[in-house]
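Novice: only geometry, no sequence info:
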């Protein structure tokens, strides 16, 4: 990769990037623009996957809302992500938890990791 692209990517990276892993339950504070107003909306769910590297890294969060599974993917270093707060740490043995999409109720839970 050229030095120009590396320089551009380096300036877009957040210094205080959040620390979380796959399987953690997180609250994502996302900025939402509605016309001229801007507000913060909280999206709480389980991290299914983290992929990519440097400033292209993304993470996917899944929650169930009114019995329907909802997934959202955010860039990790996006200015639209205000902060990511870890609620519970999950104990998983995989990098991508695609099997949770087929499960409902208590089967869709992830065991909690104790420090």
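Specialist: Structure's in. What do you need? Predicted model, so just to flag it, every value in this text is computed and none were measured. Residues are numbered from 1 along each chain as shown.
Novice: mind listing what residue 83 touches?
Specialist: For residue 83, the contacting residues are 18, 29, by C-beta atoms under 8 Å, 6 or more residues apart in numbering. From N, CA and C alone the C-beta is placed, and that goes for glycine too.
Novice: Please determine how far it is located from residue 53.
Specialist: 21 Å (C-beta to C-beta, to the nearest Å).
Novice: Other residues contacting the helix or strand of the chain with the lowest mean pLDDT?
Specialist: Here the helix or strand of the chain ranked lowest by mean pLDDT, DSSP states H and E is helix 3-12, holding a mean of 85. Here helix 3-12 makes contact (C-beta under 8 Å, 6+ apart) with 54-56, 77.
Novice: If we use 6 Å, what do you get?
Specialist: Under the contact criterion C-beta atoms under 6 Å, 6 or more residues apart in numbering, helix 3-12 has outside partners 54-55.
Novice: Residue 76 contacts residue 56, correct?
Specialist: No: Residue 76 lies out of contact with residue 56 (C-beta atoms under 6 Å); the separation is 8.6 Å.
Novice: what about the two, which has more around it?
Specialist: Taking neighbours as other C-beta atoms under 10 Å, residue 76 and residue 56 compare with residue 76 leading, 21 against 12.
Novice: Can you name the residues bridging to residue 65?
Specialist: residue 68 (DSSP bridges).
Novice: mind checking how far it is from residue 44?
Specialist: Taken as C-beta to C-beta, the span from residue 65 to residue 44 is 10 Å.
Novice: In terms of neighbours, single out the busier of those two.
Specialist: residue 44 (12 against 9).
Novice: tell me the contacts of the more buried one?
Specialist: Contacts of residue 44 (C-beta under 6 Å, 6+ apart): residue 27.
Novice: again with residue 100
Specialist: By C-beta under 6 Å, 6+ apart, residue 100 lies in contact with residue 108.
Novice: Now for residue 85, how many residues are close by?
Specialist: Using other C-beta under 10 Å, the number of residues around residue 85 comes to 14.
Novice: beta partners of the closest residue to it other than its chain neighbours?
Specialist: Nearest in space to residue 85, with sequence neighbours left out and distances taken as C-beta to C-beta, 6 or more residues apart in numbering, is residue 27 at 4.4 Å. Note on residue 27: beta-bridge partners by DSSP bridges are residue 44, residue 85.
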